[in-house]
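A.B. asks: everything below, folded, please.
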Amino acid sequence: MIVVRKHLALIVLLIGLVVPPELARSDESVGSNEVRVGTIFSRDEATENRPVRTRVIAEYFKNINNDGGIAGRKIVVISYDDEGNSKKTLDLARTLVERDHVACLFDLGTRANEVVRPYVNFKKIPVLFHRPPAFRQAEILGSYVSRHLPDSMMAIIRPADAEGAQYASGFYEGLARPIRESAAFGPD
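C.D. replies: Sure, this is the predicted structure:
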């Protein structure tokens, strides 16, 4: 719960810094009395976390608004559920941008971010706190280790599932050097 609060506090801070009225992309997204932000929840995410996250986000922004909002402007959060459908994700992103006139999108899942990235880049809509794929996270880490700790020995402990395999292959890709695997353990 503390991590979620810190994450949301940072979102509020960035919204205040990123979208002042004079820099807003349209008069409709950031008015004199409100800032519209949007998110798309996916059913391909962990289902047990989604209702909790939705409620925490709603309550957090409600508290911010009760305390006067950001610089006197209320935050209006508009969220949709794409039901795990990539085509619907893109349609919902278009709805958020073109009909709902959001100033930014935030907290998109990995798949949703990949689907909407070209569209939001074209429309110049910022996406705050997207979650990169496990492969990309591990590739960055492997690259860092390769550059800064070239002679180090390391071990990777990962889940024995598809995401764990993606993470390991991304790490190896980032290292860009031969790897000697000594052991692999699966669940018993």
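A.B. asks: buried stuff in stretch 60-75?
C.D. replies: By neighbour count on 16 or more other CB atoms under 10 Å, the buried set for stretch 60-75 is 60-61, 64-65, 69-70, 73-75. From N, CA and C alone the C-beta is placed, and that goes for glycine too.
A.B. asks: now flag whichever of those is closest to P133.
C.D. replies: Nearest to P133 among the buried residues of stretch 60-75, counting by CB to CB, is Y60 at 26.6 Å.
A.B. asks: can you pull the pLDDT of that closest one?
C.D. replies: The model reports Y60 with a pLDDT of 85.
A.B. asks: which element is it on?
C.D. replies: Element membership for Y60, per DSSP states H and E: helix 50-66.
A.B. asks: which strands and helices sit next to that helix?
C.D. replies: helix 2-18, strand 34-41, strand 74-81 (3 or more CB pairs under 8 Å, 6 or more residues apart in numbering; DSSP states H and E).
A.B. asks: in stretch 125-135, what's buried?
C.D. replies: Of all the residues in stretch 125-135, those buried under the rule 16+ other CB under 10 Å are 125-128, 130, 133-135.
A.B. asks: so which of these sit within strands?
C.D. replies: Judged by DSSP state E, strands contain the following of the buried residues of stretch 125-135: 127-128.
A.B. asks: where are the low-confidence patches of the chain?
C.D. replies: Applying pLDDT under 70 to the chain flags the ranges 1-31, 44-51, 130-132, 177-188.
A.B. asks: tabulate the buried residues of stretch 125-135 (JSON lines), appending distance to I157.
C.D. replies: JSON lines is the format used below for the buried residues of stretch 125-135 (distance: CB to CB, whole Å):
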{"residue": "I125", "distance to I157": "38"}
{"residue": "P126", "distance to I157": "35"}
{"residue": "V127", "distance to I157": "31"}
{"residue": "L128", "distance to I157": "31"}
{"residue": "H130", "distance to I157": "26"}
{"residue": "P133", "distance to I157": "19"}
{"residue": "A134", "distance to I157": "14"}
{"residue": "F135", "distance to I157": "17"}
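A.B. asks: number of nearby residues for the closest residue in space to L175 that isn't next to it in sequence?
C.D. replies: Among residues not flanking L175 along the chain, G142 sits closest, at 4.3 Å (CB to CB, 6 or more residues apart in numbering). G142 has 24 neighbouring residues, counting by other CB atoms under 10 Å.
A.B. asks: and for the helix or strand encompassing G142, what's in contact with it?
C.D. replies: With elements taken from DSSP H and E, the one containing G142 is helix 134-148. The contact list for helix 134-148 (CB atoms under 8 Å, 6 or more residues apart in numbering) reads 152, 154, 163-164, 166-177.
A.B. asks: among those residues, which ones are buried?
C.D. replies: Buried members of the contacts of helix 134-148, counted by 16+ other CB under 10 Å: 166-168, 170-172, 174-175.
A.B. asks: narrow those to those in helices?
C.D. replies: 166-168, 170-172, 174-175 (DSSP state H).
A.B. asks: turn these into CSV, columns for distance to V97.
C.D. replies: Formatted as CSV, those follow (distance: CB to CB, whole Å):
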residue, distance to V97
Q166, 30
Y167, 32
A168, 37
G170, 31
F171, 35
Y172, 38
G174, 33
L175, 39
